[in-house]
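K.L.:
have a look at this fold, sequence not included:
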């Protein structure tokens, strides 16, 4: 699984949309193939959060992406550069610990402090062409856990320029889209070609949906000893096309069918979950659970218009029984 680290949520927004990453916590998003970790600014903050996460999850590669400031006029605003070597500066002074990431690219230095004035940027320009706030900390964490690490930065401004923050805010989503496209191309180049292409009229697959769909086809093909084309022929494609659904929703239904075909246990879980939720939702209590079944917590939402409505809902909440849901998570399907 790839771990993507970025300093700010704003620069990650297009990536979250493109890869359909689900929010696990304010700092953590994922989709089954990718994990996104928002580290915040500062090398040691990034080191701490990344290390804490790597202690809990199995990751095969780390990629740090984000915006950075240029330390010389040769770097083009809006361009993405692969990082060759990483350095660290504390209070404007270079430290001895550095990382070589690749044979080609440009050099970057992670600064302990924000570079808000030209006189702060000049000493750093003798060391590197780019300055950021977190990459060095992520690189150290990757080294400590012996995980391959890559880094690429989009130039958002000239380090130390007045008014840079306003410019970055105006271009934030555009920059985020460029970073998302860069990551998609990088991942595509590392993914082995699948036996078939997804060419299904009336269906639309996002990147993550397409990757998941192909993976399901391949697993079922290997398990049942049939070709992927034969599996597709048995799916109710025409029935789905006849339904008044968006192409993306048809694709979601198709993926659900393959998931149930691959794992009948999931169908039992979903059926039990729906049976438990149904009486509460008829009363206007909507229950949201973790789709991965890893988190035992349940989010409850409802609407009210008066104090009397609130009293009714509070009484309904007092009768909410979580034990059937917990029994499902523990493998019991006899849920009433």
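P.N.:
In hand now; what should we look at? Worth saying up front: this structure is predicted, and the values here are computed from it rather than measured. Numbers count the residues shown, from 1 in each chain.
K.L.:
wait, what's in contact with residue 304?
P.N.:
With contact set as CB atoms under 8 Å, 6 or more residues apart in numbering, residue 304 has these partners: 310, 313. Heads up, the C-betas are built off the backbone N, CA and C, glycines and all.
K.L.:
okay, and it sits in which element?
P.N.:
Of the helices and strands defined by DSSP states H and E, none includes residue 304.
K.L.:
and the gap between it and residue 280?
P.N.:
Applying CB to CB, to the nearest Å, the value for residue 304 to residue 280 is 15 Å.
K.L.:
next one: residue 151
P.N.:
47 Å.
K.L.:
looking at the two, which one has more neighbours?
P.N.:
In this view residue 151 and residue 280 are compared by other CB atoms under 10 Å, and residue 151 has more residues nearby, 30 against 18.
K.L.:
now the more buried one: phi and psi?
P.N.:
phi -150, psi 140 (degrees, to the nearest 10).
K.L.:
which one is it nearest to, not counting chain neighbours?
P.N.:
Spatial nearest neighbour of residue 151, chain neighbours left out: residue 83 (4.0 Å); criterion: CB to CB, 6 or more residues apart in numbering.
K.L.:
and the one you found, what is it in contact with?
P.N.:
The contact partners of residue 83, taken as CB under 8 Å, 6+ apart, are 101-102, 105-108, 130, 135, 150-153.
K.L.:
make it 6 Å
P.N.:
Contacts for residue 83 (CB atoms under 6 Å, 6 or more residues apart in numbering) come out as 101, 105, 108, 151.
K.L.:
quick one: residue 62 is in a strand?
P.N.:
Yes: counting by DSSP: H, G, I helix; E, B strand; the rest coil, residue 62 falls inside a strand.
K.L.:
distance check, it against residue 35.
P.N.:
Residue 62 is 10 Å from residue 35, by CB to CB.
K.L.:
which of those two has more residues huddled nearby?
P.N.:
The residue with more neighbours, out of residue 62 and residue 35, is residue 62; 23 against 20, by other CB under 10 Å.
K.L.:
verify the stated contact: that one with residue 148.
P.N.:
No: counting by CB atoms under 6 Å, residue 62 sits too far from residue 148 to count as a contact (7.1 Å).
K.L.:
burial check on residue 248, number of neighbours?
P.N.:
Using other CB under 10 Å, residue 248 has 13 neighbouring residues.
K.L.:
now it: which helix or strand?
P.N.:
Short version: residue 248 belongs to helix 247-262, going by DSSP H and E.
K.L.:
other SSEs contacting that helix?
P.N.:
helix 207-224, helix 264-282 (3 or more CB pairs under 6 Å, 6 or more residues apart in numbering; DSSP states H and E).
K.L.:
so which bits of it are buried?
P.N.:
For helix 247-262, burial by neighbour count (16 or more other CB atoms under 10 Å) applies to 250-252, 254-255, 258-259, 261-262.
K.L.:
which stretches in the stretch 51-200 of the chain count as helices?
P.N.:
Secondary structure of the stretch 51-200 of the chain (DSSP state H, counting those that start in this stretch): helices located at 118-125, 135-144, 164-190.
K.L.:
tabulate those in a markdown table, adding columns for distance to residue 49, mean pLDDT and mean neighbour count.
P.N.:
Shown next, in a markdown table, are those (distance: least, CB to CB, whole Å; pLDDT from 0 to 100; neighbours: other CB atoms under 10 Å):
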| stretch | distance to residue 49 | mean pLDDT | mean neighbour count |
| --- | --- | --- | --- |
| helix 118-125 | 24 | 88 | 16 |
| helix 135-144 | 9 | 94 | 24 |
| helix 164-190 | 19 | 78 | 15 |
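K.L.:
of the contacts of residue 83, which is the nearest to residue 286?
P.N.:
Distance from residue 286 was checked for each of the contacts of residue 83 by CB to CB. The minimum falls on residue 151, at 41.9 Å.
K.L.:
my read is that that closest one contacts residue 63, right?
P.N.:
No: the criterion here is CB under 6 Å, and residue 151 misses it with residue 63 at 7.3 Å.
K.L.:
can you pull the contacts of residue 240?
P.N.:
250, 253.
K.L.:
how near is it to residue 104?
P.N.:
Distance, residue 240 to residue 104, using CB to CB: 47 Å.
K.L.:
now swap in residue 312 and tell me
P.N.:
66 Å.
K.L.:
those two: which has the busier surroundings?
P.N.:
Neighbour count, other CB under 10 Å: between residue 312 and residue 104, residue 312 has more, with 15 against 6.
K.L.:
and the pLDDT for that one?
P.N.:
At residue 312, the pLDDT value in this model is 93.
K.L.:
ditto for the one 4 residues further on
P.N.:
pLDDT for residue 316: 93.
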